[in-house]
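1. 3D, please:
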Amino acid sequence: MKLHQLQYFQCLAHYLHYRKASEALYISQPTLSFAIKELEKELGVDLFKKEGRTITLTQEGTTFLNYVTKSFQILEEGVQAISPKQAIQISSIPTAINSFLVPFIIQLQKEHPEINIQFRSEKTQTITQKILDNQYDFGICSKINESQLKYIPLIKRKLVIVFSKENPLAKKKDIELKDLLNYPFYTYQKNMTLYATIKDLFLSQGLPFHPSNYFDDENSMIGLVNANLAVSIMEDNDTLLSYSNIVKKEIPLPYQKREIYIVYHPQHISKLSLKIIEKMLHFHV
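-> You can find the predicted model right below:
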């Protein structure tokens, strides 16, 4: 059971409408549906039931919602209890949290217990917009075309070809890019650097590049790939470890690794934030 599944469940319980809930969560409806089904499978009960065109909570769903709500309230109270009056607010893409941000914060707290970092997990588009709105001190995300913000390279990650174990590709020992043309292909939004990197890979082999859909991050794509609805090329990160039905293969070509950046607004950044960024740039997991 994962935190994002509980967040998805709570949001769907609020809206009782898959489209509205998925829009509020900034994910696709199939991704939301898959997450709820996986949660129900793990719990061994149905949390929702269909009544015509609407959905309602089952008795078990109502009971579980009460506990989930209390759990989130306790977590928030814990954050507030240890937070000083002035805290550093950060937002990060999910794939950099467990592998980088959390270990960094643990180390920072040992050296500087007086510094409190509060962070949220969001998509690149949301992070950059909120930094522009001065809601965060800085963020960790992909680079998009936004001239007002400053980007500093932080982490490099390799890319991998991913598909479901049910996909016919799973029977092939070696995968070439041309093999992916036979299936719906999901990729990143066009204004993200990863989109350009992946597009250049196809074009360098004289292959057409016509994705079936575009997403802000791996979380939105991987659930659909796991359900054998598409194939993709994406960053090899912790997100893939959560799905047992995924096969990943090395890309048989040279390419530029995915770069994750620290992003901030030069006119809004504080001296303390700059010191933390400097430490972050020299931190190795």
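2. give the contact list for Pro252.
-> 174-177 (C-beta atoms under 8 Å, 6 or more residues apart in numbering). The C-beta positions use only the backbone N, C-alpha and C, and glycine is treated the same way.
3. what about 7 Å?
-> 174, 176 (C-beta atoms under 7 Å, 6 or more residues apart in numbering).
4. same check, this time on Leu149
-> 128, 131, 263-265.
5. from these, which single one is nearest Tyr188?
-> For the contacts of Leu149, the residue nearest Tyr188 by C-beta to C-beta is Thr128; the value is 14.2 Å.
6. mind checking the SS state of that closest one?
-> helix (DSSP: H, G, I helix; E, B strand; the rest coil).
7. With adjacent residues omitted, what lies nearest to it?
-> Glu146 (5.5 Å; C-beta to C-beta, 6 or more residues apart in numbering).
8. my guess is the one you found contacts Gln129, does it?
-> No - here Glu146 does not reach Gln129: they are 8.9 Å apart, not a contact under C-beta atoms under 7 Å.
9. Compare these two and say which is more crowded by neighbours.
-> Glu146 (16 against 13; other C-beta atoms under 10 Å).
10. Could you measure from the more buried one over to Thr193?
-> 12 Å (C-beta to C-beta, to the nearest Å).
11. same check, this time on Val231
-> Here the criterion is C-beta to C-beta. By it, Val231 lies 21 Å from Thr193.
12. Could you do Tyr255 as well?
-> 12 Å.
13. Give me the more crowded residue out of those two.
-> The neighbour count for Tyr255 versus Thr193, taken as other C-beta under 10 Å, is higher for Thr193 (17 against 14).
14. residue contacts, that one?
-> Here Thr193 is in contact with 142-143 (C-beta under 7 Å, 6+ apart).
15. Let me know how buried the closest residue to Tyr261 other than its chain neighbours is, in neighbour terms.
-> The spatial neighbour of Tyr261 that comes closest, neighbours along the chain excluded (C-beta to C-beta, 6+ apart), is Tyr151 at 4.3 Å. Neighbourhood size, Tyr151 [other C-beta under 10 Å]: 17.
16. who's Tyr151 bridged to?
-> Val263 (DSSP bridges).
17. now the helices for this protein?
-> Under the criterion DSSP state H, the chain carries helices at the ranges 3-15, 18-25, 29-43, 59-82, 102-111, 124-132, 193-204, 218-226, 238-241, 271-281.
18. What's the mean pLDDT across the first one?
-> Same thing as helix 3-15. Confidence over helix 3-15 (mean pLDDT, whole number) is 89.
19. One more: the third one?
-> Confidence over helix 29-43 (mean pLDDT, whole number) is 92.
20. how about it: buried residues?
-> Across helix 29-43, burial judged by 16 or more other C-beta atoms under 10 Å covers 30-36, 38-40.
21. just curious, which of these is nearest to Asp200?
-> Distances from Asp200 to those, taken by C-beta to C-beta, are shortest for Thr31, at 27.0 Å.
22. if we can go back for a sec, what would the contacts of Leu149 look like in a markdown table with neighbour count, pLDDT and distance to Pro184?
-> Formatted as a markdown table, these follow (neighbours: other C-beta atoms under 10 Å; pLDDT from 0 to 100; distance: C-beta to C-beta, whole Å):
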| residue | neighbour count | pLDDT | distance to Pro184 |
| --- | --- | --- | --- |
| Thr128 | 25 | 93 | 28 |
| Ile131 | 25 | 93 | 33 |
| Val263 | 24 | 97 | 31 |
| Tyr264 | 22 | 96 | 37 |
| His265 | 19 | 94 | 37 |
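23. would you turn those residues into CSV with distance to Phe215?
-> Compiled in CSV, those are given as follows (distance: C-beta to C-beta, whole Å):
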residue, distance to Phe215
Thr128, 16
Ile131, 21
Val263, 19
Tyr264, 24
His265, 25
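24. of all the buried residues of helix 29-43, which comes closest to Ile115?
-> Ala35 (33.9 Å).
25. What is the least confident helix or strand in the protein?
-> helix 238-241 (a mean of 78; mean pLDDT, DSSP states H and E).
26. ok, the residue nearest the centre of the chain - contacts?
-> What sits nearest the mean C-alpha location of the chain, by C-alpha atoms, centre = their mean, is Pro94, with 4.0 Å. Pro94 makes contact with 121, 217, 219, 239 under the criterion C-beta under 7 Å, 6+ apart.
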